[in-house]
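>>> got a predicted model here, sequence first, then my questions.
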Amino acid sequence: MEEELFEPVEFDDKWTFKNKSTGKLCEQRFDNVVDVHEGFASVKIDGKWTFFNPSTGELCKERFNYNPSNVHAGFAAVIITKKFGKKDVEKYTFYNPSTGEFCKQKFDDINVHTNGLPVVKIGKKWAFYSPSSGELFEEKFDEILNIHNYFAAVRIGKKWTFCNPYTGEVHEQKFDKFRNIIGANHNKNYFAAVKIGKKWTFYEASTKKLCEQEFDEVRDIHGRFAAVRIGKKWTYYDPTSNECCKGYFDDALDVDDSWFVPVRIRNKWTYFNLRDNVVLPTSIKATINDDGRFDDLYSCLRKHPEDFEQLPTTLFDEGKKEIEKCLNAIADGIKYDLCSKKGSSKEVEEYTKQVYDMISNKIEKEKQNIAIIEQEIAAERAERRAHDAEIDKKAEVAKKAAENIKDLGRNL
């Protein structure tokens, strides 16, 4: 695809595109550019916007006052000026840069979604629209949000529900609020957090079923898990299995792309391994920056495995088995991420081995620290026992001396 071959670069106070394979620059120069999508990039030239194909060097004839949206499924949303009587009115429509053709319909607003059909506004109502077929769906809504492939959250009056934009089917179940809909566990089970009255739960849009468990507060679902609050405690919930994790915390942040999530226990932050239900020792903890973001220890270690050497040597307080368990859990997470993102290449294997070797070295050092401390404790106990034995001996001598004195007193 062309978007993988060309990238925008600045050259002599102007913009152009560079072929990533050959390094060759396109001859045309522009005042401003946007990344290439489906072979076309929107570019600004002489105060107007148009579309440019870097592979052929061709410019589209049409010019626009505003930057169009990226091309998606062959079409881009554009703003055009139409005359209504003596007035010039700006309207939205779709433009195909490959053919140079506009869609016939005109709209008051457009929202383009890369993972679903675009939605258009006509008057005060929103609807789904297919630019390729020109089909405008009959169902109209007060608001359409969070389109995710076959499902979108739609508002009808004050209530929310879900709709399949391709079939137009609107679900009967209604909700007071919702949080983002997402495919859980990379399959077709699409879940959204929904609020009914004062309680939150999860709704599986693909089966139109509500999960059995209820929560006082929820956060966005990501992958398989979502942070949920039950009473005053937080944990993580998997709607596909309808199960909560074993750990309960005073606060829990959203799940990211790794198995490790920041959690707070009393006034200390640490990491919880979702896959193994393991809480890392609080001596390996996250800190909060001035801007409120977390220093992601896991991400740092993943990028710079040599930092394992910098982990605190006070981990022996947590116990030998806990150290090994936690550090190996981090290593497993790193291996999982590398393999899922890069594939099982030789590079990944070598990198993973490097990480494991460093962790093994760290564990051995921790074991040595523990052994030294155990030896020191044993020596101190032996010294105390010897000292106590010496005191007992002296006490026995003193006791005998006292008895002798008593005997002498009686003889006198």
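Here it is on my side, so go on.

>>> can you read off the backbone torsions of N404?
phi -60, psi -40 (degrees, to the nearest 10).

>>> helices and strands of this structure: which one has the lowest mean pLDDT?
When each helix and strand of the chain is scored by mean pLDDT, DSSP states H and E, helix 297-303 comes last, with a mean of 47.

>>> count the neighbours of the residue nearest to R266 when sequence neighbours are not counted for me.
Distance criterion Cβ to Cβ, 6 or more residues apart in numbering; nearest residue to R266, sequence neighbours excluded, is D250 at 6.2 Å. C-beta coordinates here come from the backbone N, C-alpha and C atoms, glycine included. For D250, the count of nearby residues is 14 (other Cβ atoms under 10 Å).

>>> I'd guessed V263 sits against A252; true?
Yes: using Cβ atoms under 8 Å, V263 is in contact with A252, at 4.8 Å.

>>> anything in contact with each of those two?
W234, F272 (Cβ atoms under 8 Å, 6 or more residues apart in numbering).

>>> three-state assignment of the residue nearest the centre of the chain?
Residue closest to the average C-alpha location in the chain (Cα atoms, centre = their mean): D256, at 2.6 Å. Put simply, D256 is coil when judged by DSSP: H, G, I helix; E, B strand; the rest coil.

>>> my read: it touches R219, true?
No: at 11.8 Å, D256 and R219 do not qualify as touching, with contact defined as Cβ under 8 Å.

>>> just for the stretch 251-400 of the chain, where's the confidence low?
Scanning the stretch 251-400 of the chain for pLDDT under 70 picks out 257-258, 280-360, 362-363, 366-367, 369-370, 373.

>>> if we go to 50?
282-320, 322-323, 341-344 (pLDDT under 50).

>>> and the gap between the residue nearest to the centre of the chain and H148?
18 Å (Cβ to Cβ, to the nearest Å).

>>> same check, this time on K232
In terms of Cβ to Cβ, K232 sits 32 Å off from H148.

>>> what about these two, which has more around it?
Shown here are K232 and H148; by other Cβ under 10 Å, H148 has more neighbours (19 against 8).

>>> give me the beta-bridge partners of that one?
F151 (DSSP bridges).

>>> just to check, it is in contact with F191?
No: with contact defined as Cβ under 8 Å, H148 does not reach F191; the gap is 10.1 Å.

>>> ends of stretch 179-194, how far apart?
6 Å (Cα to Cα, to the nearest Å).

>>> so for it, mean pLDDT?
With pLDDT averaged residue by residue, stretch 179-194 scores 70.

>>> stretch 26-43 now?
Here the average pLDDT along stretch 26-43 is 93.

>>> tell me which residues in it are buried?
26, 28, 30, 33-34, 36-43 (16 or more other Cβ atoms under 10 Å).

>>> turn the residues you listed into JSON lines, columns for secondary structure and distance to G157.
Converted to JSON lines, the buried residues of stretch 26-43 look like this (DSSP: H, G, I helix; E, B strand; the rest coil; distance: Cβ to Cβ, whole Å):
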{"residue": "C26", "secondary structure": "coil", "distance to G157": "51"}
{"residue": "Q28", "secondary structure": "coil", "distance to G157": "51"}
{"residue": "F30", "secondary structure": "strand", "distance to G157": "46"}
{"residue": "V33", "secondary structure": "strand", "distance to G157": "43"}
{"residue": "V34", "secondary structure": "coil", "distance to G157": "38"}
{"residue": "V36", "secondary structure": "coil", "distance to G157": "42"}
{"residue": "H37", "secondary structure": "strand", "distance to G157": "36"}
{"residue": "E38", "secondary structure": "coil", "distance to G157": "38"}
{"residue": "G39", "secondary structure": "coil", "distance to G157": "42"}
{"residue": "F40", "secondary structure": "strand", "distance to G157": "40"}
{"residue": "A41", "secondary structure": "strand", "distance to G157": "41"}
{"residue": "S42", "secondary structure": "strand", "distance to G157": "37"}
{"residue": "V43", "secondary structure": "strand", "distance to G157": "43"}
